[in-house]
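K.L.:
need a structure here:
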Amino acid sequence: MRQTLILLKKLAITHVIRLLFRVFYLFPIKKNRILFQSFREKQYSCNPKYISEKLHEMYGDKVEIGWSFRNPEKFSYLTDHGVRVMKARTLSFYFFALTSKVVCVNTYYKPTLPRRKGQYFIRTWHGGGAYKRVGSMEKVSSLQKRYLALQQQGADLYLSSSKAFTDMTLHDSFGYFGEIFEYGMPRNDLLINGITEVAKKEILREIGLREGEKLVLYAPTFRYDKSLDSFGLDYENLTSALSERFGGEWKCAYRGHHVTFQIDHAKSAEGAIDLSEYPDMQKLLFAADALVTDYSSSIWDMSLMKKPAFLFVPDLKAYTSERDFYTDIHTWPFPLSQSNEEMKNIILSFDEEKYKKDVDNHHKTLGSCETGRASEMVAKRIYEVMTKG
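P.N.:
Below you'll find the predicted structure:
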């Protein structure tokens, strides 16, 4: 009952604030202005980052690029790269947001901001493939779904990594049937096209690995209870098994989810390198030799490079009951374990050739749309909207 009252209050306040913000309609929309946000203004990352950089590369000062952050002082360096950095929830931010021609976000947009006529909204989302359920297909109350729907309003363009994502996530979960760019995730252009070996070595050196050491990245996803304390992935057992199966000396790094890492990352990362605040997940995936996750779509990203990726899911039954999946997790091509002993066994028995074939079939089954050109295609659309819209 208390949760219901809180949601009703949030919905009412949201509608009132939207009306108040209409005062900004007195100011004209600037056709060359675009606002970017990533993970609720916490990061300069993911799809918006790669679109922003490609936009600046292709069109330079013809486009006014703005980013809003909760802690803008962390991102002041972006001003040297053609970006206007703003503090979230300030008057200057609201003015910029409501006079921007284009708004590009990778998750839900602020429900309190009205969707102004004449603006163009791009939703990149932040996950590829089609794995855990999101939006209206999550197991949440009808009021929570109404609040999610408010945050989803206003999309003119969605990006998609696969036909399955288009059908299951955009159509079924978000109820979106507008224009969709099926070119892949802009953030995955890096993984498909690659970076130089020098750049890769620099990433490994930056995070503290010596030359010749191999990296396994552990990146669990979001939990509603915001706790990973009971999972207990044994990092020593993990690296020992990887060393026995693949050779070489392995180091494990922990990457916390952006929603929960501030709560649990210190304890969860004990015994591993803590990379929860490393600015770019895609660079970590490119530098890593293997990935361990649970239900995170980072496993889709890793699979594009055919690198070993493993599922560690000790809470599978509970998570299935709470969230569930679009497709049976046991049909995914990634070896699955529910305990440290099982993790050791699936690594030691890992069949690389079979895994690559299974990943290829997985991409075909989901209808992969990854092209390595997503950033370019979106940047072109943005400039087209600005100059012709």
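K.L.:
for residue 141, list the residues it contacts.
P.N.:
Shown in contact with residue 141 (CB atoms under 8 Å, 6 or more residues apart in numbering): 3, 4, 7. C-beta: built from backbone N, CA, C; applies to glycine.
K.L.:
what is the nearest of those residues to residue 283?
P.N.:
Nearest to residue 283 among the contacts of residue 141 is residue 7, at 38.1 Å by CB to CB.
K.L.:
tell me the confidence at the closest one?
P.N.:
pLDDT, residue 7: 79.
K.L.:
picking that back up, dump the contacts of residue 141 into a markdown table; add secondary structure as well.
P.N.:
Output for the contacts of residue 141, formatted as a markdown table (DSSP: H, G, I helix; E, B strand; the rest coil):
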| residue | secondary structure |
| --- | --- |
| 3 | helix |
| 4 | helix |
| 7 | helix |
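K.L.:
mind giving me the ChimeraX command for buried ones among these?
P.N.:
Here is the ChimeraX command that picks out the buried ones among the contacts of residue 141, judged by 16 or more other CB atoms under 10 Å:
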select :7
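K.L.:
pick out whichever of the contacts of residue 141 sits closest to residue 276.
P.N.:
residue 3 (28.8 Å).
K.L.:
compute the distance between the closest one and residue 143, please.
P.N.:
Going from residue 3 to residue 143 by CB to CB, to the nearest Å gives 8 Å.
K.L.:
still on that earlier bit, can I get the contacts of residue 141 in CSV with distance to residue 159?
P.N.:
Shown next, in CSV, are the contacts of residue 141 (distance: CB to CB, whole Å):
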residue, distance to residue 159
3, 33
4, 34
7, 29
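K.L.:
and the contacts of residue 141, which is closest to residue 217?
P.N.:
residue 3 (35.3 Å).
K.L.:
got a pLDDT number for the residue nearest to that closest one when sequence neighbours are not counted?
P.N.:
Sequence neighbours aside, residue 141 is the residue nearest to residue 3 in space, at 7.8 Å (criterion: CB to CB, 6 or more residues apart in numbering). Per-residue confidence (pLDDT) for residue 141: 77.
K.L.:
which parts of the stretch 1-150 of the chain are helices?
P.N.:
2-20, 46-59, 91-98, 142-152 (DSSP state H, counting those that start in this stretch).
K.L.:
for those helices, which one sits closest to residue 240?
P.N.:
Here helix 46-59 is closest among the helices of the stretch 1-150 of the chain (CB to CB), at 32.9 Å.
K.L.:
and the next element down the chain from the lowest-mean-pLDDT helix or strand in the chain?
P.N.:
Every helix and strand of the chain was ranked by mean pLDDT, DSSP states H and E. The lowest is helix 261-268, at a mean of 56. As assigned by DSSP states H and E, the chain's next helix or strand after helix 261-268 is strand 273-274.
K.L.:
which helices and strands sit right next to that next one?
P.N.:
The contact analysis (3 or more CB pairs under 8 Å, 6 or more residues apart in numbering; DSSP states H and E) places strand 273-274 against strand 250-254.
K.L.:
just how off-centre is the strand it packs on within its chain?
P.N.:
With CA atoms, centre = their mean, to the nearest Å as the basis, strand 250-254 stands 21 Å off its chain's centre.
K.L.:
show me what it is in contact with.
P.N.:
Taking CB under 8 Å, 6+ apart as the rule, strand 250-254 contacts 207, 209, 213-219, 235, 238-239, 242-243, 265, 268-269, 271-276, 284, 288-289.
K.L.:
separation between the residue nearest to residue 3 and residue 173?
P.N.:
Distance, residue 141 to residue 173, using CB to CB: 16 Å.
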